[in-house]
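K.L.:
just coords:
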């Protein structure tokens, strides 16, 4: 990967959309029901709208620094030492997220498809494939994401639509009963399922037109929000709130419950899991590349492909760290609770404040002269 | 300190050092010559240093894990 590689706005939209729809989609209905028994759709809409605004702010930052990477933007606005500290924390944060997501992926596959296969083999297969993919460059990623997006989106929508005939939509009642306080506490739970769109701050420098960044981020967040809204509604209508609450991965249970007697493919589990494997892979690959790009910027390297291989042992380490599924979510909750807000809200806000102060200083200097 | 030692012992059994060594060897045998060929000296030095750290560091941690 080098600075000469370029991505179109649509490619960035597809990369970010697939990046967000990773492992979060499996547990989202349960997370929402845990937060509030009613109006889970409203929580997704509110959380998605907030994050779309945040994505627009990211786009604004990128458009103000055309051709500059995340590390350079941090260096210009928050000084070089702070940029090094924040970038290092970001790289560690992404490695932990990738590792834990791959562990969830491996646990799910082991439970449903490969009961006899050691979990280490599943994790290694995923990590090595991603490590190879991350060396191929951003343009390859862009083309791959575009292809997968165009194939996966209609198939996913059709697959979940097959559950609608058996669904009981009275399970969604009552509506508009959630209090403002409940909504405010529930919204942060949605953020985990949207994590990943902050990668636009790293990929933004590769856009053909940096001005497009203001549109691409919010578009991908809105697309994911609509998909989550659809899947959450179907899951709740089919399984009901009480059953959703006790299932570890309700979306997976919904896919398993889809049954079309006498159809060419009666059981949808294999198709659902195949789509999900691609989805997890596409949430791992761009993150791995984003880390390589950031490490390359930190070290001042023109070529950063070799950093994608360097990360692999640490991703494996992060994946093997939790002893069981409960512990995975404990670490994930802890990481997203403290580091998530830092990179989603605090750092961009600081960049915006410094940008505002600098432009004010320039205006004052101009008016004095 | 005890927690760190516990994790070194449990994680650095066999798999982890093997992966670190394999990645280190890959960097040394594949990436370093490739970067040198393209005259990217800074990048090849970083890759070489990382490779040695991975190989020697993982062996050291494996030995520490066995000693505890």
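P.N.:
Arrived safely. Predicted, not measured: the structure shown is a model, and the values here were computed from it.
K.L.:
What residue in the stretch 1-150 of chain A comes nearest to chain B?
P.N.:
Using Cβ to the nearest Cβ, the single residue of the stretch 1-150 of chain A nearest to chain B is residue A:120, 5.9 Å away. Using the backbone N, CA and C atoms, a C-beta is placed for each residue, glycine as well.
K.L.:
Likewise for chain A?
P.N.:
residue A:306 (4.3 Å).
K.L.:
Could I get the pLDDT score of that residue?
P.N.:
On the pLDDT scale, residue A:306 is placed at 88.
K.L.:
hang on, the earlier thing: secondary structure element for the residue of the stretch 1-150 of chain A closest to chain B?
P.N.:
If you go by DSSP states H and E, residue A:120 is part of helix A:119-134.
K.L.:
Could you check the angle the longest helix that chain A contains makes with helix A:119-134?
P.N.:
The longest helix of chain A (DSSP state H) is helix A:80-112. Helix A:80-112 and helix A:119-134 are oriented at 130 degrees to each other (axes from the mean of the first three to the mean of the last three Cα atoms, to 10 degrees).
K.L.:
buried set for helix A:80-112?
P.N.:
A:83, A:86-87, A:90-91, A:93-110, A:112 (16 or more other Cβ atoms under 10 Å in any protein chain shown).
K.L.:
same question, stretch A:31-48
P.N.:
By 16+ other Cβ under 10 Å, the buried positions in stretch A:31-48 come out as A:31-33, A:35-48.
K.L.:
hmm, who's touching that stretch?
P.N.:
With contacts defined as Cβ atoms under 8 Å, 6 or more residues apart in numbering or on different chains, stretch A:31-48 is touched by A:29, A:172, A:174-178, A:182-183, A:185-194, A:221-222, A:224-225, A:228-229, A:232-233, A:236, A:241, A:244-245.
K.L.:
From those residues, which land in helices?
P.N.:
Residues of the contacts of stretch A:31-48 located in helices (DSSP H): A:29, A:182-183, A:185-194, A:221-222, A:224-225, A:228-229, A:232-233, A:236, A:241, A:244-245.
K.L.:
Mark which of those residues are buried, thanks.
P.N.:
Buried by 16+ other Cβ under 10 Å: A:29, A:182-183, A:186-194, A:221-222, A:224-225, A:228-229, A:232-233, A:236, A:241, A:244, out of those.
K.L.:
And the pLDDT at residue A:264?
P.N.:
Turning to residue A:264, the model gives it a pLDDT of 68.
K.L.:
do the same with the one 4 residues further on
P.N.:
In the prediction, the pLDDT value recorded for residue A:268 is 76.
K.L.:
Show me where the chain dips below the pLDDT cut-off.
P.N.:
You didn't say which chain, so I picked chain A. Applying pLDDT under 70 to chain A flags the ranges A:1-4, A:23, A:261-266.
K.L.:
Chain B is the one I meant
P.N.:
B:1.
K.L.:
now with 80?
P.N.:
Counting by pLDDT under 80, chain B contains low-confidence ranges at B:1-13, B:68.
K.L.:
All the strands of it, in order from the start?
P.N.:
Using DSSP state E, no strands are found in chain B.
K.L.:
For it, give the residue positioned nearest to chain A.
P.N.:
Closest approach between chain B and chain A, counting by Cβ to the nearest Cβ: residue B:31, at 4.3 Å.
K.L.:
what's around the spatially closest residue to that residue that is not a sequence neighbour, how many residues?
P.N.:
The shortest distance from residue B:31 to any non-neighbouring residue, by Cβ to Cβ, 6 or more residues apart in numbering or on different chains, is to residue A:306 (4.3 Å). Neighbour count for residue A:306, taken as other Cβ atoms under 10 Å in any protein chain shown: 26.
K.L.:
and residue A:306, what does it touch?
P.N.:
B:27, B:31, B:35, B:43, B:46, B:47.
K.L.:
Output those in JSON lines; the columns should cover distance to residue A:349 and neighbour count.
P.N.:
Below are those laid out as JSON lines (distance: Cβ to Cβ, whole Å; neighbours: other Cβ atoms under 10 Å in any protein chain shown):
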{"residue": "B:27", "distance to residue A:349": "38", "neighbour count": "24"}
{"residue": "B:31", "distance to residue A:349": "38", "neighbour count": "24"}
{"residue": "B:35", "distance to residue A:349": "38", "neighbour count": "24"}
{"residue": "B:43", "distance to residue A:349": "34", "neighbour count": "25"}
{"residue": "B:46", "distance to residue A:349": "33", "neighbour count": "24"}
{"residue": "B:47", "distance to residue A:349": "36", "neighbour count": "29"}
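K.L.:
Which members of these are the farthest-apart pair?
P.N.:
B:27 and B:43 (11.0 Å; Cβ to Cβ).
K.L.:
What sits closest to the residue nearest in space to the middle of chain B if chain neighbours are left out?
P.N.:
What sits nearest the mean C-alpha location of chain B, by Cα atoms, centre = their mean, is residue B:54, with 1.2 Å. Leaving aside its chain neighbours, residue B:54 sits nearest to residue B:24 (3.6 Å; criterion: Cβ to Cβ, 6+ apart).
K.L.:
again with residue A:267
P.N.:
Nearest non-adjacent residue to residue A:267, counting by Cβ to Cβ, 6+ apart: residue A:259, 7.0 Å away.
K.L.:
State the phi and psi torsions of the one you found.
P.N.:
Main-chain torsions, residue A:259, degrees, to the nearest 10: phi -140, psi 120.
K.L.:
So which bits of the stretch 101-250 of chain A are right by chain B?
P.N.:
A:120, A:124 (Cβ under 8 Å from any Cβ of the partner chain).
K.L.:
switch the cut-off to 6 Å
P.N.:
Residues of the stretch 101-250 of chain A lying close to chain B by Cβ under 6 Å from any Cβ of the partner chain are residue A:120.
K.L.:
any idea how far the residue nearest to residue B:38 when sequence neighbours are not counted lies from residue A:174?
P.N.:
Closest residue to residue B:38 apart from its sequence neighbours, by Cβ to Cβ, 6+ apart: residue A:303 at 7.2 Å. According to Cβ to Cβ, to the nearest Å, residue A:303 and residue A:174 sit 58 Å apart.
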